[in-house]
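*Asks:* Predicted coordinates and the sequence they were generated for:
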Amino acid sequence: MRAVWAIACGMIKELIRKKDFYVLLIFMLVLLGFLSYQNFFQIEGISRYVRDFGYSLLMFFSFIIAVTFTAKQLPSEIEARTIYPLLSKPLSRHTVILGKFCGGVMVSVVSFTIFYAIFVGFYMTGGEGKSLVLLGQGFIFGILFLCMISALVMFFSNFMTMSANVTLTFLLYLTIGGFSNSLRGIVFFSKGIIATLYGVLYYLLPHLEFFDLRIRITHAWDPLPMWVVLSVSGYTFFYCLALLYFAGYVFGRKRF
Amino acid sequence: MRNKPIFVILVGLALSSLMVARIDAYNQAYAIDQPASDVPVFMRFLGEGRSIVSSLSILQADRYFHGGVGHLDDEHEEGFAIAERNHEDCEHPEEHVLPEVSPFNILSRISREVGVTEHVHLHGDQMKEIIPWLYYAAEIDPHNVLAYTLTGFYLCDRLKKVDQGIAFLREGLRKNPDSWEINAELGRIYFQHVKNYEVAVQYLSQAWVLLQEAPHDKFQERYILSFLARSYEALGMEGDALPLYKRLNELFPNGVFEEKIKQTTDNRQ
């Protein structure tokens, strides 16, 4: 566990040193500040579109940090040949993968927490239907989402270069975000071999749409029932576990 | 020949200057039809794609109207529920009809719980939440007439911001002088909210003239003519209102306008 912690701490230091996070933070602050000071026909209390933009931005920026930081871990270590001293230590390959994964998650969760705090600041200043329970669920789901993304990127790291990994993860994020409902519709309304094929795809692909509470938070819908929060947590845990196990397995078979 | 490169550069510069003058003249001529100041700088790069982004912005307003949930096509008569004037009376299912799912199909059940499916409409003061999207739709594409008329309707009828609604519609009319829709909307607002029937007649008459030149249906004709006839009546000009009611009776021979014709004829006598 100490080894995992040491690897993760190295990534946190990298986050502080790099400018990516600061650029995104300033961009978010400026954009949300601009949007909340917009005046539409002297109507006061318009808040939903600021919430909408705010939540979308914080999720997207956290996603960018999770993907870019996690994706460069293994390829950069291999390229700089710093992987050799790491592997020469008494660490299993699974521990290395777990350490890199935890580092990616910690980096993105730290950034996400700061982004979320800013979002909550804007959320609490105006509008109706403020719900602390929903905000708490949004925070938990955000962390789960980043765990899922980091595990996915870690898994892909074994097979492709950093840029290919980032591109594929972005594509998956956009595709699943945009077409998951359509895919579900096809699974339920089609029959025969097509239904089976799409069914396999539906159950195999990560359900990133589970973590999206944008509409609930923006439009002040009711919080989710507890069983859904627990189920999504369980789903994320087992999906990440499977991805990391296979990532470690493939990494263990690599010859350096 | 040592100066050959300099000579080539000078000739190139001279030719470029000539071309620049021609391009500038072309741009000036183009700008007469499409004033560049109408569109925000950051949206100019979209070119003609602006109209698509503008329509998406109206679609987003429609989603906001439904509490963030997209409605199914058959749930409203028109494409956008926000375009329906009497949507408060419309009947619709409380929830989208979804296929039955086995209780053991946990992923589908989670999907269903996380995604909101209830069919709701914004009410009262909540209507203000759709305004930013309508405003941006008009800002992005100043020729999106629907964005102006919808904004005017919601500002005046739902949020009681009549002055702002009229100012915005006038801005729209400045950018779309041939739009019968904006003229008709201004006429209606002057008739219903400002009670300035002379101005209402001006706008509605202009809308009526413009409508003749555009493809239209009898419902659009009724929309203009009914307000125009009532404006004439309010001004005591029954003689001008009577042919309009007769036209309306031709379009919709259901007895409603026959009554109005009788009343107007009686008033004149």
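*Replies:* Structure received. Residues are numbered from 1 along each chain as shown, chains lettered A, B, ... in the order given.
*Asks:* quick one: contacts for the residue of the stretch 1-150 of chain B found nearest chain A?
*Replies:* Scanning the stretch 1-150 of chain B for the residue nearest chain A gives residue B:68, at 3.9 Å (criterion: Cβ to the nearest Cβ). Where C-beta positions appear, they are placed from N, C-alpha and C, glycine not excepted. Counting by Cβ atoms under 8 Å, 6 or more residues apart in numbering or on different chains, residue B:68 touches A:214-215, A:218-219, A:221, B:116.
*Asks:* what's the pLDDT at whichever residue of the stretch 51-200 of chain A sits closest to chain B?
*Replies:* Nearest residue of the stretch 51-200 of chain A to chain B, counting by Cβ to the nearest Cβ: residue A:188, 4.6 Å away. Per-residue pLDDT puts residue A:188 at 72.
*Asks:* Distance of it relative to residue A:203?
*Replies:* Here residue A:188 is placed at a distance of 13 Å from residue A:203 (Cβ to Cβ, to the nearest Å).
*Asks:* the more surrounded of these two?
*Replies:* Remark: of residue A:188 and residue A:203, residue A:188 carries more neighbours, 17 against 12, as counted by other Cβ atoms under 10 Å in any protein chain shown.
*Asks:* follow-up on the earlier one: mind listing which of the contacts of residue B:68 are in helices?
*Replies:* A:214-215, A:218 (DSSP state H).
*Asks:* Looking at these, state which has the most neighbours.
*Replies:* Greatest neighbour count in the ones in helices among the contacts of residue B:68, by other Cβ under 10 Å, goes to residue A:218: 25 neighbours.
*Asks:* I'd say residue B:232 and residue B:260 touch.
*Replies:* No - between residue B:232 and residue B:260 there is no contact, the gap being 11.7 Å when judged by Cβ atoms under 8 Å.
*Asks:* Neighbour count: these two, which is higher?
*Replies:* For residue B:232 versus residue B:260, neighbours defined as other Cβ under 10 Å are more numerous around residue B:232 (24 against 20).
*Asks:* biggest helix in chain B, by residue count?
*Replies:* Longest helix in chain B, counting by DSSP H: helix B:4-33.
*Asks:* Considering only the stretch 1-150 of chain A, name the residue that lies closest to chain B.
*Replies:* For the stretch 1-150 of chain A, Cβ to the nearest Cβ, closest residue to chain B: residue A:41, 4.0 Å.
*Asks:* Can you get me a residue count around the residue nearest to that residue when sequence neighbours are not counted?
*Replies:* Closest residue in space to residue A:41, ignoring its immediate chain neighbours: residue B:164 at 4.0 Å, by Cβ to Cβ, 6 or more residues apart in numbering or on different chains. Neighbour count of residue B:164, defined by other Cβ under 10 Å: 19.
*Asks:* low pLDDT regions in the chain?
*Replies:* Went with chain A since none was named. Chain A contains residues with pLDDT under 70 at A:1, A:3-4, A:256.
*Asks:* Chain B was what I was after
*Replies:* Ranges of chain B meeting pLDDT under 70: B:1-2, B:30-45, B:71-104, B:268-269.
*Asks:* Appreciated, that's everything.
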